[in-house]
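Novice: predicted model and sequence follow; I will ask about them next.
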Amino acid sequence: MANAQNEVDVVIVGAGLSGLTAAIELKKQNISFAILEARPRVGGRIFSLMEKGFGLDLGAQWISVHHERIKQLITEFNLETISTNQKGKTIYEQRGRVKEVNGIFPPVSRLALMDLFKIKRKINLLIKQLPSHAPWDSELGQSLDQITMQDFVNASMFTDEGKIYFTLLAEEELSTKMYHVSALDVLWFIKSAGNVNKLLSAEQLWITEGATTLVERLAERIRSHIAFEKPVRRINYEGRKEVVVFSEDEQWKAKKIIITVPPNLIGNVTFNPQLPEERTELQKASTFPYVIKMAVVYEEPFWRQNGWNGSLFSDQGPISLAMDSSPKDLSMGVLTLLIGGENAQIYSKMGSDYRRTETLKTLIRFFGEKAGTPLHIYEKDWSEEKWTRGGFGTHFPPGILTQYGSALSKPVGPIHWAGTETATEWRLYMEGAVQSGQRAVEEVINALKEEKST
């Protein structure tokens, strides 16, 4: 039997942003809880290092001005934000051709620009027809889930140039090829952000002190309730009126459980009784793309002196995205780099020395010889992270959401699901993680009230 200290009203699995948010909400309601975290740290897919008091984010980083929940937390904890530098030229590499452009318009012909406006308008009109909570139940959603996003683009655009540019931006966002992903998945993702323009604003800001500082401040309020290095091995919910959660050496008895870890990891847990088939099939399809993130630190942001803003988009690799993440006082220059998808899969196997050499070669090619002499290079290969196995979010192939999408957030007895994959607002962003934690707690409170009244 569980020890007395291991009896709580709610067990939360995962001390990422959604789990911490859920815990804070439960604390407000005086509902007892424990958080079980497999890692020795909080944050999950949020991970920052400090350099001269400045945060270098190697996990989730960027915030939109439309992320109201995250902005509220930033204000609450007296943190600062920095705006992404947009002064200067952005570099685009598409199929080996390099272009530099100032301003907001992409480096394409007028005909291709018209094509891009056309598909943006089409997407915005379609997502208005998609339900936010269960898009797979609609006739439109079922139709979109029969094709890949690549099929959708090919049918919606008439210029090769426009298609190439759209693919460049979309595959950087997805960290995988568009022909792997359902059109419904992508349009639901855009729907959760509001529209195409809002999604394009998602990399406007980041936290000066690093995103880890935010989750650490949240964790300070509930530190005594967090059990670190306690991966959950088994969950018993027979009778469905209580749940017993087992780690390797301890167990917790509770009325409810909120599981916040991404679906791709839940297959490691044994459930008794087994989860419904739709849930297990969803988890099998919930793989993460390979993602490697780097922070390259220089004495100064020299690229600004040469007229560049530090932003790079490339479909050639190894770098798919670069952005200027330098501090406001310019006490150093920082380029944040992403290697995603197939390139990340290849470079993950090559070792850090090889990745460093190839990364610097690429940076020199775009930003000149100064790019080859950084002070430091920090990296995080998320595919090697045992409790993540890729990043930064799950995207589903055709046919999965219409068959199993309802299982993403549908409770199973006392089991409730959270995590940014389950969000209906800003899904797969930090904002979505917070929303999902709040939603799961609301479900738990309502269920507890209903059980008490019967």
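Specialist: Looks like it arrived, so ask away.

Novice: just the terminal-to-terminal distance for stretch 287-296.
Specialist: Across stretch 287-296, the terminal residues are separated by 28 Å (Cα to Cα, to the nearest Å).

Novice: now that stretch: average pLDDT?
Specialist: Stretch 287-296 shows a mean pLDDT of 95.

Novice: so how far is it off the chain centroid?
Specialist: Mean-position distance between stretch 287-296 and its chain equals 11 Å (Cα atoms, centre = their mean, to the nearest Å).

Novice: next: stretch 359-369.
Specialist: 28 Å.

Novice: neighbouring contacts of that stretch?
Specialist: Defining contact as Cβ atoms under 8 Å, 6 or more residues apart in numbering, one finds that stretch 359-369 is touched by 91, 93, 98, 294, 296, 302-303, 306, 308, 312, 314, 317-319, 322, 335, 337, 339, 371-372, 374, 377. C-betas here are computed from N, CA, C, even on glycine.

Novice: hey, where'd the strands end up in the stretch 251-400 of the chain?
Specialist: Applying DSSP state E, counting those that start in this stretch to the stretch 251-400 of the chain gives strands spanning 251-254, 256-259, 270-272, 291-298, 308-314, 321-324, 333-340, 376-381.

Novice: what sits up against the third one?
Specialist: Pointing back at strand 270-272 there. Arg233, Arg234, Ile235, Asn236, Tyr237, Glu238.

Novice: pick the most buried one from the strands of the stretch 251-400 of the chain.
Specialist: strand 256-259 (a mean of 28; mean count of other Cβ atoms under 10 Å).

Novice: tell me the mean pLDDT for that strand?
Specialist: Here strand 256-259 scores 98 as its mean pLDDT.

Novice: so which elements touch that strand?
Specialist: Judged by 3 or more Cβ pairs under 8 Å, 6 or more residues apart in numbering; DSSP states H and E, strand 256-259 is in contact with strand 10-13, strand 243-246, strand 415-417, helix 430-453.

Novice: in TSV: those, plus mean neighbour count.
Specialist: Shown next, in TSV, are the helices and strands packed on strand 256-259 (neighbours: other Cβ atoms under 10 Å):
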stretch	mean neighbour count
strand 10-13	28
strand 243-246	22
strand 415-417	23
helix 430-453	20
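
Novice: and those: which comes nearest Phe105?
Specialist: Nearest of the helices and strands packed on strand 256-259 to Phe105, taken as Cβ to Cβ: helix 430-453 at 27.4 Å.

Novice: give the other helices and strands that the closest one contacts.
Specialist: With contacts taken as 3+ Cβ pairs under 8 Å, 6+ apart, helix 430-453 sits against helix 17-28, helix 68-76, strand 256-259, strand 415-417.

Novice: of all the residues in the second one, which ones are buried?
Specialist: What it means is helix 68-76. Buried residues in helix 68-76, counting neighbours by 16 or more other Cβ atoms under 10 Å, are found at Arg69, Ile70, Lys71, Leu73, Ile74.

Novice: how about the first one?
Specialist: Neighbour counts using 16+ other Cβ under 10 Å place Leu17, Ser18, Gly19, Leu20, Thr21, Ala22, Ala23, Ile24, Glu25, Leu26 of helix 17-28 among the buried residues.

Novice: rounded mean pLDDT for that helix, please.
Specialist: 98.

Novice: what packs against whichever helix or strand comes after that helix?
Specialist: Using DSSP states H and E, the next helix or strand after helix 17-28 towards the C-terminus is strand 33-36. Secondary-structure packing of strand 33-36 (3+ Cβ pairs under 8 Å, 6+ apart): strand 10-13, helix 17-28, strand 226-227, strand 251-254.

Novice: closest to Ile119 out of these?
Specialist: Per Cβ to Cβ, nearest to Ile119 of these: helix 17-28, 32.1 Å.

Novice: could you give the angle of the closest one to helix 68-76?
Specialist: 70 degrees (axes from the mean of the first three to the mean of the last three Cα atoms, to 10 degrees).
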